[in-house]
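Enquirer: No letters, just coordinates:
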């Protein structure tokens, strides 16, 4: 089972394995204070959008959500490390609950929802 959550939401027992798929960690937070299990060490941040794409969509508002979805999907498709992480994520959710995390509050406008859709579509 795959669940989506913001890092701002409380940690629950039924979250299972918590994996952050954000490009950047929480500023000033120590490793031992993290409320997620894996991130940089396991290559999960490869599933995060590139800094350029984040800037275009979030900060500069140059592209629409639909354009963001297309560009993000292409970033994953042409990044072998991201495809490997996506494949590992699929394997994990076949046997356990996994919650993917990001800073975004609205999961409908977050790359987490695109990852979930890619998995649902067996990308």
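Expert: Nice, thanks for sending it over. Only a predicted model underlies this, so the values are computations on that prediction, with no experimental measurement involved. Numbers count the residues shown, from 1 in each chain.

Enquirer: going forward, measure contacts and count neighbours with C-alpha atoms only.
Expert: Fine.

Enquirer: Summarise which helices and strands the helix or strand bottoming out on mean pLDDT in the chain is packed against.
Expert: When each helix and strand of the chain is scored by mean pLDDT, DSSP states H and E, strand 17-20 comes last, with a mean of 89. The contact analysis (3 or more Cα pairs under 8 Å, 6 or more residues apart in numbering; DSSP states H and E) places strand 17-20 against strand 98-102.

Enquirer: Could you list the buried residues of the strand it packs on?
Expert: 98, 99, 100, 101, 102 (16 or more other Cα atoms under 10 Å).

Enquirer: now for the residues you listed, which pair is the farthest apart?
Expert: Greatest spatial distance in those: 98 and 102, 13.4 Å, computed using Cα to Cα.

Enquirer: And the one helix or strand residue 70 maps to, what does it pack against?
Expert: Residue 70 is part of helix 65-77, with elements assigned from DSSP states H and E. Under the contact definition 3+ Cα pairs under 8 Å, 6+ apart, helix 65-77 sits against helix 51-54, helix 80-93, helix 111-120.

Enquirer: Any chance of those in CSV with mean neighbour count and mean pLDDT as columns?
Expert: Output for those, formatted as CSV (neighbours: other Cα atoms under 10 Å; pLDDT from 0 to 100):
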stretch, mean neighbour count, mean pLDDT
helix 51-54, 13, 95
helix 80-93, 16, 94
helix 111-120, 18, 96
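
Enquirer: Would you format the ones you listed as CSV with distance to residue 71 included?
Expert: Compiled in CSV, the helices and strands packed on helix 65-77 are given as follows (distance: least, Cα to Cα, whole Å):
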stretch, distance to residue 71
helix 51-54, 8
helix 80-93, 14
helix 111-120, 11
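
Enquirer: Minimum distance to residue 22: which of these has it?
Expert: Closest among the helices and strands packed on helix 65-77, using Cα to Cα: helix 111-120, at 9.0 Å.
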